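K.L.:
Attaching a predicted model along with its sequence, questions to come.
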Amino acid sequence: MKKNKNISPWDLISKIAIAFALLVSVLLMVNYFQYKTMDPVESELINTLVQRLNENPEDAALRDEIRALDLLSRKAYFTKQWQVKTGGYLLLLSVIILIIAQQMKLSDRDKEVELNEKESTFLLQKKTRFWVSIGGGAIVLTAFILAFFNHQDLGNNLHKAIQKEQLSQEKQNTEFIPEPKTESKAEAIEEIIEEEPAKPQQEKKREEPKEDQTEIIIEEKAPENPPLKEVAIIEEEPQDISEEVVAAFPSSNELKANFPAFRGFESNGIDFHKNIPTAWNGETGENILWKIKIPIHGYNSPIIWGDQLFISGANAQKREVYCIDRNSGTLLWTVEVKDIPGTPAKSPKVTDDTGLAAPSLTTNGQQVFALFGNSDLVALDMDGNQLWAQNLGPSNNHYGHSSSLVIHEDILIIQFDVKKNPRIMGLNIETGEKVWETPRKVKVSWASPVLVNTGDQMEVILAADPIIASYNPKTGVENWQLDCIFGEVGPSIAYGEGLVFAVNEYATLVAIKPGERQEIIWENDELLSDVPSPIVKDGLLYLATSYGVIACYDAISGEMYWENEFDNGFYGSPMYADGNIFIMDMDGLVHVFKAAKTYEAIASNPLGENGMTTPAFMDGRIYIRGNEHLICIGK
């Protein structure tokens, strides 16, 4: 055989593709076996620390250590997922290139080949190549199979871990933070139960104001609130939609004059009140008007209508709704939510940083609505009388349900993105009957719905892996959706400058032009949030992260104007009020800075305790919920 000394380029490409495929295959197999021996979700270390915390629930340093390890485990989860996906794609690409190169190599080969006297040697080499090919193919096939099972394991691992924990710890308290002791509860309030007929599925406790009910009360009585019609609405934005005044529904002016939902008006993070204080000290009492202890812990943020403030608390044994006089801090009434048909006998297992009372309430000034981590939903009137209640079904949520509620006219909107049967629902506020329900092809989400006035129509916009989607709040019909996000989505969307902004850690920050032909205007993957929701005001986008960095972007172009790093991370969302941005870090330090293109710090004010909620604003006051107390701040 006449030997050709020139090496075919296709032969070289084939060899490179084979070497690359084998390398990727080995890495995928190593990844698989490493994952099997180092499970990022069910960590023995975290389980041990959790056990220690159950024995010593007051150890704040241990709780912070668990929280940090939990964040690392989630990062490991998504890193593994990215490695599996990327490795699989690279392996498939290398095999495709190998096949193409082999085909091109065969087409270039001479039709006739003469064998010389070393025919037996050639045949032996041919057999060797055959078995090497078989061996390499087996390695590649094994890598494909392991990558598939690895991906499946990552998708189901959290659910399996939870089921295992539930079976082995049936009698264990599911929360890290224990129910407040009877003595502490007695120090905060003195309960007086009125003898009056109670409605079914309800236990209401009337509270008479006591002089020692609040821990700090101003000496001079606060002035009475002016009537609602006299409250000035600040920075009123022009309405693009002709708004008919319907007596049954509060107007936009009334909604802006109050604080009716998580992140305020339309749940978009923009407040419209003036004369908001910027300096206080919860440790010394400076500018602290009152402070009361909440009977049962919860991570929901305050909502306000008129003189009434509403929050909730829950643990494995009890779920309660509280109404507080926002002027004096007096606890007006407490309603225990119980005996609802369909309520599970055992509360679902949740993590310490979510709990069983994470969703914020919502109100329209006539009714108040509360949702709990076991899917119990209750409607109350402003005096605490139960109007209706129901259980929405299993939440199937491995951290705990946290999507807050929002109202559009006579529809209560609920984002219920759970593992099985994710959906968005619209309920009649008077009866609780389901007006509409729209299934969603998404994974579990912890984000909350946001109402958006696009100028042409009202929309409710939701974020969940893998889509940002818009729905008609009256009918539930989907307006549009865009596949642009992934992971465990916690931040809600923000709306401003005619754009929708969505973000999630290990995914992207994206600006979307909504409408029939929605498109991505710009993207950024440098600083990403996994819990705090962004806000947009006057062309600027503000974004906070759980690892302690806040950044400001041009909302139209995506240009970053500034970023600032803080000592502690953020779970609470930033709020715009009176020209400034307010945000509380997890150590209870509330940072105030100018809403501007350059970073200008105004103050960092200690709350006096840790906290992870979002502040509410009303008539020159700030209302913030810490881990133990509800605090009112004013000049």
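P.N.:
Okay, I see it.

K.L.:
What separation do you get for Asn504 and Ser546?
P.N.:
11 Å (Cβ to Cβ, to the nearest Å). C-beta coordinates here come from the backbone N, C-alpha and C atoms, glycine included.

K.L.:
hey, what's in contact with both of the two?
P.N.:
529-530 (Cβ atoms under 8 Å, 6 or more residues apart in numbering).

K.L.:
list the contacts for the spatially closest residue to His591 that is not a sequence neighbour?
P.N.:
Distances taken as Cβ to Cβ, 6 or more residues apart in numbering put Ser604 closest to His591, at 5.1 Å, once the chain neighbours are dropped. Taking Cβ under 8 Å, 6+ apart, we find Ser604 in contact with 589-592.

K.L.:
And the residues you listed, which is closest to Val378?
P.N.:
Checking the contacts of Ser604 against Val378 by Cβ to Cβ gives Val590 as the nearest, at 30.7 Å.

K.L.:
That closest one in helix, strand or coil?
P.N.:
Following DSSP: H, G, I helix; E, B strand; the rest coil, the label given to Val590 is strand.

K.L.:
for the one 3 residues further on, same thing?
P.N.:
Taking three-state DSSP as the rule, one finds Phe593 in the strand state.

K.L.:
Next up, the contacts around the nearest residue to it once chain neighbours are set aside.
P.N.:
Leaving aside its sequence neighbours, Phe593 sits nearest to Ala601 (Cβ to Cβ, 6+ apart; 5.0 Å). If you count contacts by Cβ under 8 Å, 6+ apart, Ala601 has them with 564, 591-593.

K.L.:
Now do Val503 against Pro466, distance only.
P.N.:
In this view, Val503 and Pro466 are 14 Å apart by Cβ to Cβ.

K.L.:
higher neighbour count, these two?
P.N.:
Taking other Cβ atoms under 10 Å, Val503 and Pro466 do not tie; Val503 has more neighbours (29 against 16).

K.L.:
Next up, phi/psi of that one, please.
P.N.:
The phi and psi torsions at Val503 (degrees, to the nearest 10) take the values phi -150, psi 150.

K.L.:
That one contacts Ser529, doesn't it?
P.N.:
Yes: in terms of Cβ atoms under 8 Å, Val503 counts as a neighbour of Ser529; the distance is 5.1 Å.

K.L.:
who touches both of those two?
P.N.:
491, 543.

K.L.:
ok, now which ones touch the residue nearest the centre of the chain?
P.N.:
Using Cα atoms, centre = their mean, the residue of the chain that lies closest to the mean C-alpha position is Gly490, 1.9 Å off. By Cβ under 8 Å, 6+ apart, the residues touching Gly490 are 402, 445-447, 504, 529-531.

K.L.:
just those residues now: which is nearest Val84?
P.N.:
The nearest one, if we look at the contacts of Gly490 relative to Val84 and count by Cβ to Cβ, is Asn504, at 19.1 Å.

K.L.:
so how far is Leu377 from that closest one?
P.N.:
From Asn504 to Leu377 the distance is 26 Å (Cβ to Cβ).

K.L.:
Same check on Ile100?
P.N.:
58 Å.

K.L.:
and those two? which has more neighbours close in?
P.N.:
Leu377 (22 against 14).

K.L.:
Would you confirm that the more buried one belongs to a strand?
P.N.:
Yes: counting by three-state DSSP, Leu377 falls inside a strand.

K.L.:
low pLDDT regions in this structure?
P.N.:
1-8, 32-44, 60, 64, 67-68, 70-72, 74-81, 105, 107-247 (pLDDT under 70).

K.L.:
where exactly do the helices run in it?
P.N.:
In the chain, the segments counted as helices under DSSP state H are 9-37, 44-55, 60-108, 119-168, 182-188, 252-257.

K.L.:
Could you give the number of residues near Glu55?
P.N.:
9.

K.L.:
what's the answer for Ala345, then?
P.N.:
Ala345: 5 neighbours (other Cβ under 10 Å).

K.L.:
Surely Ile340 touches Gln390?
P.N.:
Yes: Ile340 is in contact with Gln390 according to Cβ under 8 Å; the separation is 6.5 Å.

K.L.:
what do those two both touch?
P.N.:
Counting by Cβ under 8 Å, 6+ apart, the residues touching both Ile340 and Gln390 are Asp376.

K.L.:
list the contacts for the residue lying closest to Asn627 once chain neighbours are set aside?
P.N.:
In this structure, Asn627 finds its nearest non-sequential neighbour in Asn610, 4.8 Å apart by Cβ to Cβ, 6+ apart. For Asn610, the contacting residues are 60, 586-588, 626-627, by Cβ under 8 Å, 6+ apart.

K.L.:
the domain parsing of the chain - what is it?
P.N.:
Using automatic domain parsing, the domain parsing of the chain gives 9-106+126-168, 198-212+248-634.

K.L.:
hmm, back to that, now for the contacts of Ser604: which two are most distant?
P.N.:
It's Leu589 and Val592 that sit farthest apart of these, by Cβ to Cβ, at 10.4 Å.

K.L.:
Just grab the bridge partners of the nearest residue to Leu540 once chain neighbours are set aside for me.
P.N.:
Counting by Cβ to Cβ, 6+ apart, Leu540 lies nearest to Cys552, which is 5.7 Å off, once chain neighbours are set aside. Cys552 forms beta bridges with Tyr542, Trp562, as assigned by DSSP bridges.

K.L.:
Next one: Cys552 from Val536, what distance?
P.N.:
According to Cβ to Cβ, Cys552 and Val536 sit 11 Å apart.

K.L.:
Overlap in contacts, the two.
P.N.:
Tyr542.

K.L.:
Gly548 is in contact with Phe566, correct?
P.N.:
Yes: assessed by Cβ under 8 Å, Phe566 is found in contact with Gly548 at 4.5 Å.

K.L.:
neighbour-wise, which of these two wins?
P.N.:
Phe566 (18 against 15).

K.L.:
Show the contacting residues for that one.
P.N.:
548-550, 585, 591.

K.L.:
Which ChimeraX command selects the buried ones in those?
P.N.:
Restricted to buried positions by 16 or more other Cβ atoms under 10 Å, the ChimeraX selection for the contacts of Phe566 reads:
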select :549,550,585,591
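
K.L.:
residues near Gln481, how many?
P.N.:
So Gln481, with other Cβ under 10 Å, has 18 neighbours.

K.L.:
State the distance from it to Thr475.
P.N.:
Counting by Cβ to Cβ - Gln481 and Thr475 are separated by 16 Å.

K.L.:
Trp10: how many residues sit nearby?
P.N.:
Trp10 - counted by other Cβ under 10 Å - has 18 other residues nearby.

K.L.:
That one and Ala101 touch, don't they?
P.N.:
Yes: if you go by Cβ under 8 Å, Trp10 and Ala101 touch, sitting 4.7 Å apart.
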